[in-house]
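Asks: from the sequence below, what's the structure:
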Amino acid sequence: MGVAEEILSLKKELSERVKLVAVSKFHPSESVLEAYNAGQRCFAESRPQELAKKVAELPKDIEWHFIGHLQSNKIKLVVPNVALIHSVNSEKLLGEINAFAAKNNLTANVLLEMHIAMEESKQGFTEEELYSLTDRLSENPLSNVRICGMMGMATFTDDSEQVRREFRKIKKVFDTIKKEHPETDSFKELSIGMTQDYRIAIEEGSTCVRIGTKIFGARQY
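Replies: Below is the predicted model of the structure:
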């Protein structure tokens, strides 16, 4: 199937409670436009320069998300251009995003990334760090950052039960934080699931799946 057909097929498959984020990183603007013309409006990038370029040349009603590792010196390319940053993986980065947003009279919507995979190369907070951080933020909220939920990436493996256990773990932490901090009404997004495991993620409570390869094929650059 082509890009448009994949978009339409996914939209039929996903329930209304699950948001499709089309991961357009490493694919040209022409491919994004093909998905856009099929009705897709939410796209994600992982490199700040590529994000800024596509924001400038593609339709203005696209809702951009950022899913990559964000370095401090690239915050200025990301925060003004996106509706949601999925990949906040340290308290230091969270503070720097807040400082930039405050300086520029913006509010940054973010997800806290939890490390759930076996691979050490993947980043994120531990379970204990998340409980501690959200407890402190409940008492002393950041002025210009809105915590909207959590994100995680499962181990890249053919073992579906391992993937399911990892998704179940992040859902447990997500539910615990939500229960302990009912005052944080923005905390409602659980971004888990990609091309290879999105069906398991949905079964385990995902509200947002990040799908690239299934839609656009192998990376083009």
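Asks: now Glu50. Nearest residue, chain neighbours left out?
Replies: The shortest distance from Glu50 to any non-neighbouring residue, by Cβ to Cβ, 6 or more residues apart in numbering, is to Lys25 (6.6 Å). Bear in mind the C-beta positions are built from the backbone N, C-alpha and C, glycine included.
Asks: for the nearest residue to Ala38 once chain neighbours are set aside, which three-state class applies?
Replies: Take Ala38 and drop its neighbours on the chain: the residue closest to it by Cβ to Cβ, 6+ apart is Ala4, 3.8 Å away. Here Ala4 is helix, with the state taken from DSSP: H, G, I helix; E, B strand; the rest coil.
Asks: ok, now which ones touch Ala4?
Replies: For Ala4, the contact set (Cβ atoms under 8 Å, 6 or more residues apart in numbering) comprises 34-35, 37-38.
Asks: how close does it sit to Glu128?
Replies: Here Ala4 is placed at a distance of 45 Å from Glu128 (Cβ to Cβ, to the nearest Å).
Asks: ok, back up a step: distance to Glu161 and secondary structure for the contacts of Ala4 - can I get that in CSV?
Replies: Output for the contacts of Ala4, formatted as CSV (distance: Cβ to Cβ, whole Å; DSSP: H, G, I helix; E, B strand; the rest coil):
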residue, distance to Glu161, secondary structure
Glu34, 36, helix
Ala35, 32, helix
Asn37, 39, helix
Ala38, 34, coil
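Asks: mind checking the backbone torsions on the residue nearest to Glu50?
Replies: Dihedral pair for Lys25: phi -60, psi 140, per degrees, to the nearest 10.
Asks: how about Phe26?
Replies: phi 70, psi 10.
Asks: likewise for Lys60?
Replies: Main-chain dihedrals, Lys60, degrees, to the nearest 10: phi -80, psi -10.
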